[in-house]
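**Q** Here's my sequence, what's the structure:
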Amino acid sequence: MARKGVSLSVGRGEKLPVSKGAGLTAKGRERYNRATGSKLKAPAPNPRTEADKGRKASFCKRMGAVAAKAKNGERAKASLRRWNCS
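**A** The predicted structure is shown next:
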């Protein structure tokens, strides 16, 4: 049996709409982390440390593949813009 994912909503303020760059808000990350035991961090569009540079490079590569394969990858493309991925 498949696991059910965490339901996050723009209306409840847990996700940003595509027009504002998509992605999770602090409230959304907190809810997701609480529900799954995960440790999601805030975006790092302008990395200050080497660890943040690695996170940004990894995110840009993963999300770029998602945007390329998605039928209508608007949320993925918006998050790439928000993270300043070229």
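**Q** Burial check on residue 26, number of neighbours?
**A** When counting by other Cβ atoms under 10 Å, one arrives at 10 neighbours for residue 26. C-beta here means a position set from N, CA and C on the backbone, and glycine is covered the same way.
**Q** any idea how far residue 38 is from it?
**A** The spacing between residue 26 and residue 38, counted by Cβ to Cβ, to the nearest Å, is 14 Å.
**Q** One more: residue 30?
**A** 11 Å.
**Q** Between the two, tell me which one has more neighbours.
**A** More crowded of residue 30 and residue 38, by other Cβ under 10 Å: residue 30, with 13 against 10.
**Q** And residue 76, how far from residue 34?
**A** Relative to residue 34, residue 76 is positioned 25 Å away (Cβ to Cβ).
**Q** and what of residue 42?
**A** Separation of residue 42 from residue 34 (Cβ to Cβ): 16 Å.
**Q** before we move on, what about residue 80?
**A** From residue 80 over to residue 34 (counting by Cβ to Cβ), the distance is 27 Å.
**Q** ok, how many other residues are close to residue 83?
**A** For residue 83, the count of nearby residues is 19 (other Cβ under 10 Å).
**Q** surely it meets residue 60?
**A** Yes - if you go by Cβ atoms under 8 Å, residue 83 and residue 60 touch, sitting 6.4 Å apart.
**Q** Pop out the phi and psi values for residue 15.
**A** Dihedral pair for residue 15: phi -130, psi 150, per degrees, to the nearest 10.
**Q** Please report how far it lies from residue 24.
**A** Noted for residue 15: a distance of 6 Å to residue 24, by Cβ to Cβ.
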